[in-house]
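> one predicted model, sequence on top.
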Amino acid sequence: MSSDDMLGMSRRARPGSAPQGVGPDAAWGPAGGGDRGLKSRENLSVVKQTLPPKAPGQPQQISEILGDPEASLERLLKETIAPEGAKKTAEALNAIKVERAGNTYYEYQWRTTFPSGAKLRSFSSCALGPADRRGNRNLYTLTAVLPESEVVDGQGAAPLIPEIIEGFIVQPESD
């Protein structure tokens, strides 16, 4: 599996289900934002993706998988969020690498603009869990999506985003 394959979310279907593409492992809010109009949709999801070791028993580090935070966000936006031909655009706003609770996190922020003029702001944080005995690791990604207007005005769930991102803790590799 290439690092490009690992950047997006897992496309494997759950056992017994028909392949339906990408989906979160846990989410708050109705799928696809529910009946709310695009301008008022909110979502909070956590996705877990298992990553193989670079060689048997040699787990990968987040920088080996994703590369530089800025470049990995640009690749995510270009290849997954708003690929060429999509009827939406995505603008990178922030991409940083932070150390928290003994682990390394990549934190991203971007704005997605739709043909209707609706804009959504996305906040994402990802980190690797500890390796299993074979060297496999899980990449955990938390993503919160809010209407751009709520973020700009500091309304709704927007004031909670820093606390949500900082509270997202993935057990680091044990010593």
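Right, received. Where do you want to start?

> what residues does the closest residue in space to residue 127 that isn't next to it in sequence make contact with?
Leaving aside its chain neighbours, residue 127 sits nearest to residue 170 (4.0 Å; criterion: C-beta to C-beta, 6 or more residues apart in numbering). Using the backbone N, CA and C atoms, a C-beta is placed for each residue, glycine as well. Applying C-beta atoms under 8 Å, 6 or more residues apart in numbering, we find residue 170 in contact with 103, 105, 127, 128, 129, 140.

> ok now stretch 83-96, how far from the chain's centre?
Offset of stretch 83-96 from its chain centre (C-alpha atoms, centre = their mean, to the nearest Å): 13 Å.

> do you know the pLDDT at the residue nearest to residue 127?
Residue 170 is assigned a predicted lDDT (pLDDT) of 96.

> sec struct for it, please.
Under DSSP: H, G, I helix; E, B strand; the rest coil, residue 170 falls in the coil class.

> could we number from 2 for the rest of this?
Will do, 2 is the new start, and the previous item becomes residue 171.

> now it: how far from residue 156?
From residue 171 across to residue 156, the span is 29 Å (C-beta to C-beta, to the nearest Å).

> then residue 73?
As judged by C-beta to C-beta, residue 73 and residue 156 stand 30 Å apart.

> same drill for those two, tell me which one is more crowded.
Neighbours around residue 73 and residue 156, counted as other C-beta atoms under 10 Å, are more numerous at residue 73. The numbers are 21 against 12.

> now do the host helix or strand of the more buried one, average pLDDT.
Here residue 73 sits within helix 70-77, counting by DSSP states H and E. Taken as a whole, helix 70-77 has a mean pLDDT of 97.

> I'd like the next helix or strand past that helix.
Using DSSP H and E, the helix or strand that follows helix 70-77 in sequence is strand 90-101.

> quick one: that following strand to helix 70-77, angle?
Compare the direction of strand 90-101 with that of helix 70-77 by axes from the mean of the first three to the mean of the last three C-alpha atoms, to 10 degrees and you get 140 degrees.

> which neighbouring elements make contact with strand 90-101?
When contacts are defined as 3 or more C-beta pairs under 8 Å, 6 or more residues apart in numbering; DSSP states H and E, strand 90-101 sits against helix 70-77, strand 104-114.

> in a markdown table: the ones you listed, plus distance to residue 41.
Shown next, in a markdown table, are the helices and strands packed on strand 90-101 (distance: least, C-beta to C-beta, whole Å):
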| stretch | distance to residue 41 |
| --- | --- |
| helix 70-77 | 24 |
| strand 104-114 | 14 |
